[in-house]
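Enquirer: generate a structure from the sequence data that follows.
(one chain, ligands or ions: 1)
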Amino acid sequence: MKKNVFVITGSSRKNGNSAAMAEAFIRGAEEQGHAVRRFDTAFHKLAGCMACDRCWSDEKACVMNDDWQEFAAGLEAADVVVFSYPMYWSSAPAQLKAAIDRLYSYCSAKTLRPLTGKRCILLLCGECEGKEIFDQALAMHQGLNGYFSWEDAGKLLVDGVFEAGAIEKTDALEQAFTMGKGI
Ligand SMILES: Cc1cc2nc3c(=O)[nH]c(=O)nc-3n(C[C@H](O)[C@H](O)[C@H](O)COP(=O)(O)O)c2cc1C
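Expert: Here you go, the predicted model:
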């Protein structure tokens, strides 16, 4: 069955490692006929959550009118949500984190359109060696899946990649492609 796939990236390196993973995943998904929408957080205007508690006060999840509205619309429409980003200080790059923080609105009891029932996939990379470098990101991922009752539908964790293009020397792009095909 054709699915709506929303791919969210976090890096400002257009030819970087996480972008390459996202692109391989998208190729796989599109080959299977799925509809893919991509949102590159690094190239959008995204403020952080103000904790104003005015969520849903004008029927929009968040009252701030920046590119996050497009991000939220993409998420609402998605059957499958994919995050692809590099480790920045053991966590997500700031622009992506800003977008995620504002999902607070969808945790509110006032939510008009719950984000529940999606499948979520995580593609991560980092310079340091060892899978423990992803621990903080995995904790955030688990939190998102838990809050929204999303199904954890797969993770690809690629350590030891630093310069843009380093991921091509691993089998990660093949794996990301296969994951995209398999959703
Ligand atoms: C601001 C910044 C912070 C970083 N912090 C980490 C880190 O905490 N752990 C790590 O393993 N790599 C860290 N890195 C390295 C990147 O995660 C790594 O180079 C990754 O492959 C970049 O992916 P990209 O090409 O998709 O941008 C950092 C890089 C930058 C620019």
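
Enquirer: name the residues of the chain found near the ligand, please.
Expert: Within the chain, the positions near the ligand by C-beta under 6 Å from any ligand atom are 11, 13, 16-19, 86-90, 125-128, 133, 161-162, 164. (Glycine included, C-beta is placed from N, CA and C.)

Enquirer: so which residues of the protein form helices?
Expert: Using DSSP state H, the helices of the chain run over 17-31, 68-77, 94-101, 135-148, 172-181.

Enquirer: residues near the residue in the chain that the ligand sits nearest to, how many?
Expert: Using C-beta to the nearest ligand atom, the closest approach of the chain to the ligand is made by residue 16 at 2.4 Å. Neighbourhood size, residue 16 [other C-beta atoms under 10 Å]: 24.

Enquirer: which residue is the nearest non-sequential neighbour of residue 20?
Expert: Distances taken as C-beta to C-beta, 6 or more residues apart in numbering place residue 167 nearest to residue 20, at 5.3 Å, with adjacent residues excluded.

Enquirer: ok, residue 93 touching residue 86?
Expert: Yes - taking contacts as C-beta atoms under 8 Å, residue 93 lies within contact range of residue 86: 6.8 Å.

Enquirer: shared neighbours of these two, anything?
Expert: Between them, residue 93 and residue 86 share these contacting residues under C-beta atoms under 8 Å, 6 or more residues apart in numbering: 10, 11.

Enquirer: what does stretch 156-164 contact?
Expert: 13, 15-17, 21, 122-131, 133-134, 166-167, 170, 172, 175-176, 179.

Enquirer: list the buried residues in stretch 6-20.
Expert: Buried residues in stretch 6-20, defined by neighbour count with 16 or more other C-beta atoms under 10 Å: 6, 7, 8, 9, 10, 11, 16, 17, 18, 19, 20.

Enquirer: which ones are touching the residue nearest to residue 148 when sequence neighbours are not counted?
Expert: In this structure, residue 148 finds its nearest non-sequential neighbour in residue 115, 4.8 Å apart by C-beta to C-beta, 6+ apart. With contact set as C-beta under 8 Å, 6+ apart, residue 115 has these partners: 75, 76, 103, 106, 148, 150.

Enquirer: how near is residue 115 to residue 153?
Expert: When distance is defined by C-beta to C-beta, to the nearest Å, residue 115 is 15 Å away from residue 153.
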